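> Got a sequence here, can you model it:
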Amino acid sequence: PLAALNAATHRGADLLGRPDALGGVAPGMRADLLLLDANPLDDIHNTRRIAGVMARGRYHARNELDAMLGQIAKGFAGPQDAFRGAPAQRVEGELVFRGEYDITWHDIPFGGERLAVGRSGDELTVNLESFDPHVGETTRAQWHAGGAHNGASLTLDLDGATGRGHLEVRREGEQLHARGTSLPGIEAALDHAIAADTLLGPDAVLSGVVLWRSRLQALAIGQSIEVNEQAVGLGSEVAFSERTLLVRRTDDRSWDGSGASIPARVYEIVPSRGRSSELLVDADGWPLELVRQDHGATLRLRRRPPSR
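Numbers count the residues shown, from 1 in each chain. As a prediction, this is how the structure comes out:
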């Protein structure tokens with residue numbers, strides 16, 4: 001048993017090149033611990049008698065682990081209403097749009113997202129929320145458009161099994177300044193350059209395509225524009241990723257997702273690498289559906305009917 005435990009801890013950390021952070025219990029190492037009800041040195045099968053888990057400094061008791069496993073099972077069992085019972089999203093100023101979306105991958109329920117957009121004078125504020133039931137993780141983002149509608153500031157909150165994180169990103173000229181805490185609860189500070197015409201947005205939130213709305217509205221069929229985006233992600237550390245997308249408006253068509261067909265504008269999104277995606281929006285430019293290929297299958301974000 002001791003050899004097996006060493007292989008899973010000390011030796012595993014050595015193979016990953018992280019012996020200073022993983023595979024041991026010491027000050028400064030990552031707080032990932034397993035609490036057992038019985039000694040695994042007496043019987044290696046006792047590793048299955050889990051009383052609790054410490055993941056990056058956040059403790060999960062047995063009852064919490066069981067609840068998480070139950071939520072994951074529900075996520076694979078069929079469609080889930082990720083936001084049932086949740087309070088409505090608040091907006092700053094007048095509410096101009098509210099929508100909830102189902103996400104599927106290979107026709108398997110894969111969580112949900114919702115967004116609410118408010119306007120106060122010329123300032124637009126977008127609140128986005130994404131829930132992944134398979135890992136029990138919720139991401140919340142608040143985006144302030146700013147005068148150029150490129151994103152003047154972004155606030156990210158992440159709550160999941162591995163911890164909680166909070167990040168505030170502000171734009172000053174051609175610099176981004178990010179301050180907050182990563183998932184392990186460690187202070188995070190990062191500064192990064194950003195071009196004046198680059199859009200600031202949250203990473204891994206599909207409904208974030210709503211942030212392109214002002215740029216896409218003016219396109220006629222057959223026209224295209226280049227969208228430069230700086231995506232900010234929050235996890236064990238703060239990450240910035242830059243991407244350039246070619247967005248072309250194609251022929252309009254009907255969209256059937258609300259019990260009745262409605263006219264939809266259609267855009268083809270072509271990344272610098274990888275396969276293209278398709279975005280459908282309503283007459284006011286708010287997202288109806290986003291379809292793209294992801295890990296060999298179709299990933300789809302689809303707006304729910306308002307009455308649901």
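
> Let me see the contact set for Phe83.
When contacts are counted by CB atoms under 8 Å, 6 or more residues apart in numbering, Phe83 touches 100, 112, 114, 129, 131. All C-beta atoms are positioned from the backbone trio N, CA, C, and that covers glycine.

> ranking the residues you listed by neighbours, who comes first?
For the contacts of Phe83, the largest neighbour count, defined by other CB atoms under 10 Å, is 25 neighbours, found at Gly112.

> residue boundaries of the helices in the chain?
Under the criterion DSSP state H, the chain contains helices at 2-8, 10-15, 62-77, 213-216.

> quick one on the thing from earlier: most widely separated two among the contacts of Phe83?
Comparing all pairs in the contacts of Phe83 by CB to CB, the longest separation belongs to Glu100 and Phe131, at 10.6 Å.

> still on that earlier bit, can you lay out the contacts of Phe83 as JSON lines showing distance to Asp251 and pLDDT?
Putting these into JSON lines (distance: CB to CB, whole Å; pLDDT from 0 to 100) gives the following:
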{"residue": "Glu100", "distance to Asp251": "28", "pLDDT": "94"}
{"residue": "Gly112", "distance to Asp251": "29", "pLDDT": "93"}
{"residue": "Arg114", "distance to Asp251": "29", "pLDDT": "96"}
{"residue": "Glu129", "distance to Asp251": "32", "pLDDT": "96"}
{"residue": "Phe131", "distance to Asp251": "34", "pLDDT": "90"}
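
> Return the subset of those lying in strands.
100, 112, 114, 129, 131 (DSSP state E).

> wait, which of these is closest to His166?
For the ones in strands among the contacts of Phe83, the minimum distance to His166 (CB to CB) is 14.7 Å, reached by Glu129.

> what's across from the closest one in the sheet?
Note on Glu129: beta-bridge partners by DSSP bridges are Arg114, Arg140.

> if I read this right, it contacts Arg90, doesn't it?
No - Glu129 sits out of contact with Arg90 when judged by CB atoms under 8 Å, with a separation of 11.5 Å.

> Identify, from the ones in strands among the contacts of Phe83, the entry nearest to Arg18.
Out of the ones in strands among the contacts of Phe83, the member with the shortest distance to Arg18 (by CB to CB) is Phe131, at 30.2 Å.

> Quick check: the nearest residue to that closest one once chain neighbours are set aside vs Gly235, distance?
Spatial nearest neighbour of Phe131, chain neighbours left out: Ala82 (4.2 Å); criterion: CB to CB, 6 or more residues apart in numbering. Distance, Ala82 to Gly235, by CB to CB, to the nearest Å: 20 Å.
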